[in-house]
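Asker: How does the following fold in three dimensions:
(chains A and B)
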Amino acid sequence: MSEARPAAADPRRNGHSTAPPHVADPAAEPSTAAAGGAGPTDRGPSLAGRAARALARQVTSRIPAADLDERDPDYIRDNLPGLWLLASLWFRGEVRGLGNIPDEGPVLLVGNHSGGNLTPDTGVFTLAFSAYFGVERPFYQLAHNLVLSMPGLGFLRRFGTVAASPENAERALKAGAALLVYPGGDMEVHRPSWHSSRIDFAGRRGFVRLALEHEVPIVPVVSIGGQETAIFLSRGEGLARALRLDRLFRLKVLPISIAPPWGVNVGDFMGHIPLPAKIVVEALPPIRLREEFGPEPDVDEVYEHVTRVMQETLDALQAERRLPVIG
Amino acid sequence: MRTRAAIDVAAPAEVVWEFVADPRHYLHFMSGVTRWEVSGERSQGPGARYRMLMRVGSAEVGGLIEVVEFEPGRELAWTSVTGIDQRGRWRLRAVSPERTRVELRISYGVAGSGLLGWLAERVAAPTVSGHLRRTLEQLKRQVEHEHSRRKAAARREARSRAA
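Answerer: Numbers count the residues shown, from 1 in each chain, chains lettered A, B, ... in the order given. Down below sits the predicted model:
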């Protein structure tokens, strides 16, 4: 019986219990509290259940405590040439509108999320941002806990990737940094490939509240091509629920895709070799919420506005594309 | 990685120098350059700083640069302060009173970036040297046009004075 408690208590220690902007919906949270109640416990702890909880504990313990200081400008600079080769030759990346990002000060970059657990769009954008503004400008990205706790991905922290939590977002913005968030998170990044040209934030409005609270402009960052780096078939939401991944790992999806070298790829936990799809990213003019929506902006209205301008841009980018992958 | 390009311009070195020394002209003839703006108080001469960016592959690369050599009519050299490591130089030499040899050199790289850096420099080289070549071609057209315009204006003035 008491087996169920560590899994429910652990997340709180790591700041899960408050809704993060990345995977944010307060409504999704009560399930954590329910875990200690009737549902799973009356079946008794099975071996698989115990193993899953042990894994969940392992994952949460691996989530690095928020430390913006792990970002290392020299490390980023040393790795820009490699990133440049990958972005230029493999993805033929094209990044437009970086001049729209205010030259200094905190800014919330709101992107649509594509391409699976290791997102190629982020790599292309990080390169372009670091080259354009210099590695001296602090730039952080919020990522899902699972990405950060994955062995072998520790290098992301040196690039400025931090766990998606309100505390981390607040710290980054207070430090005057540019912060990249993907409100759509796991739901959007694993959408089927034929939904490539759809913005899908799954109703997550945390980013609007974040921008309002810290008085920072929102710069929408729209990208296309990531969803063509594999054949994404299904989010596998039902599967994730059946395996209780949402409770154990705050994971609402168990995506199924076809991707090299695995063939059928369930979960995408080990990443995959992305197809060389052309990736185009466009940064839009900054939206200053209180200037455009009055002193007390309506969160829903701002959300609708941001997703609408992003969808319009994505439609235009899609219209430019002649062929999938090739671009 | 070093890249260079050279061209002969049918104009005196002083006219070419006007274009080369003034950052306001750069966006008009520098190929691939998306930014070249004055950063700080000085806009010209030794110690002047510019923020420049050039489109190479999937990124605009460059950074803050500072003029370290400024010999009017002959040499202008800069080195990077932030961004990728670079050294650049304009070298002007009069071949004859009406002809100037213009050379533009840029060496670039990222110190400490290892094998991938070495590779990236070489992959970028054709793009960078293409930008340099087109820059000089555009510079030549603009300088020669300006020079012939000035000569025509001088002739008109001489004629009106004679009349």
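Asker: helix/strand/coil for residue 129?
Answerer: Here I'm looking at chain A. helix (DSSP: H, G, I helix; E, B strand; the rest coil).
Asker: my bad, the chain I had in mind was chain B
Answerer: B:Ser129 ends up helix, using three-state DSSP.
Asker: Packing partners of the helix or strand harbouring B:Trp36?
Answerer: Element membership for B:Trp36 (DSSP states H and E) is strand B:33-38. Applying 3 or more Cβ pairs under 8 Å, 6 or more residues apart in numbering or on different chains; DSSP states H and E, we find strand B:33-38 packed against helix B:26-29, strand B:49-56, strand B:59-71. From N, CA and C alone the C-beta is placed, and that goes for glycine too.
Asker: ok, and does the helix or strand just after the longest one reach over to chain A?
Answerer: Toward the C-terminus, strand B:59-71 is succeeded by strand B:75-80 as the next helix or strand (DSSP H and E). No. Under the criterion of Cβ under 8 Å from any Cβ of the partner chain, strand B:75-80 makes no contact with chain A; the nearest approach is 10.5 Å.
Asker: And B:His145, how far from chain A?
Answerer: 29 Å (Cβ to the nearest Cβ, to the nearest Å).
Asker: Could you look up the SS state of that residue?
Answerer: B:His145 ends up helix, using three-state DSSP.
Asker: a markdown table for the helices and strands packed on strand B:33-38, including mean neighbour count and distance to chain A?
Answerer: Below are the helices and strands packed on strand B:33-38 laid out as a markdown table (neighbours: other Cβ atoms under 10 Å in any protein chain shown; distance: least, Cβ to the nearest Cβ, whole Å):
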| stretch | mean neighbour count | distance to chain A |
| --- | --- | --- |
| helix B:26-29 | 16 | 13 |
| strand B:49-56 | 22 | 7 |
| strand B:59-71 | 19 | 4 |
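Asker: got TSV for these, with distance to A:Val325 too?
Answerer: As requested, these are arranged in TSV below (distance: least, Cβ to Cβ, whole Å):
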stretch	distance to A:Val325
helix B:26-29	35
strand B:49-56	23
strand B:59-71	21
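Asker: what stretches of chain B score poorly on pLDDT?
Answerer: Along chain B, segments meeting pLDDT under 70 are nowhere present.
Asker: make that chain A, sorry
Answerer: For chain A (pLDDT under 70), the answer is A:1-45, A:62-66.
Asker: Residue numbers of it in contact with chain B?
Answerer: Counting by Cβ under 8 Å from any Cβ, the residues of chain A that sit close to chain B are A:74, A:77-82, A:84-85, A:87-89, A:91-95, A:98, A:124, A:127-128, A:131-132, A:134, A:136.
Asker: Can I get the buried part of the residues you listed as one ChimeraX selection?
Answerer: To isolate the buried ones among the residues of chain A next to chain B in ChimeraX, judged by 16 or more other Cβ atoms under 10 Å in any protein chain shown, type:
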select /A:77,78,79,80,81,82,84,85,87,88,91,92,93,94,95,98,124,127,128,131,132,134
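Asker: Return the subset of the residues of chain A next to chain B lying in strands.
Answerer: Using DSSP state E, the subset of the residues of chain A next to chain B located in strands is A:Glu94, A:Val95.
Asker: Parallel or antiparallel, list what pairs with the strand holding B:Trp36.
Answerer: Strand pairing for strand B:33-38, determined by DSSP bridges: strand B:49-56 (antiparallel).
Asker: How far off centre is the partner strand?
Answerer: 12 Å (Cα atoms, centre = their mean, to the nearest Å).
Asker: Mind listing residues that contact it?
Answerer: Among residues not part of strand B:49-56, those counted as contacts by Cβ atoms under 8 Å, 6 or more residues apart in numbering or on different chains are A:131-132, B:23, B:26, B:30, B:32-40, B:42, B:60-67, B:78, B:81, B:124, B:127-128, B:131.
Asker: Then stretch A:297-315?
Answerer: A:110, A:112, A:197-199, A:201, A:205, A:207-209, A:211-212, A:218, A:220, A:222, A:224, A:282, A:284, A:287, A:289-290, A:293.
Asker: now, which of those lie within helices?
Answerer: Counted as lying in helices by DSSP state H, out of the contacts of stretch A:297-315, are A:Phe207, A:Val208, A:Arg209, A:Ala211, A:Leu212, A:Leu289, A:Arg290, A:Phe293.
Asker: Please report how far the second one lies from A:Tyr75.
Answerer: Read that as A:Val208. 33 Å (Cβ to Cβ, to the nearest Å).
Asker: elements contacting the longest strand seen in chain A?
Answerer: The single longest strand within chain A, with elements called by DSSP E, is strand A:218-224. For strand A:218-224, the packing partners by 3+ Cβ pairs under 8 Å, 6+ apart come out as strand A:107-111, helix A:120-133, helix A:206-214, strand A:280-283, helix A:299-320.
Asker: What I need now is these written out in CSV, including distance to A:Phe269 for each item.
Answerer: Below are those laid out as CSV (distance: least, Cβ to Cβ, whole Å):
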stretch, distance to A:Phe269
strand A:107-111, 22
helix A:120-133, 17
helix A:206-214, 25
strand A:280-283, 26
helix A:299-320, 28
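Asker: Out of these, flag the one nearest A:Gly184.
Answerer: With Cβ to Cβ as the criterion, A:Gly184 lies closest to strand A:107-111 of the helices and strands packed on strand A:218-224, at 8.6 Å.
Asker: Give me the distance between A:Leu47 and chain B.
Answerer: In terms of Cβ to the nearest Cβ, A:Leu47 sits 46 Å off from chain B.
Asker: make that A:Val107, sorry
Answerer: 18 Å.
Asker: Which residues are in contact with that residue?
Answerer: Contacts of A:Val107 (Cβ under 8 Å, 6+ apart): A:Ile101, A:Ala178, A:Leu179, A:Val216, A:Pro217, A:Ile218, A:Val219, A:Pro286.
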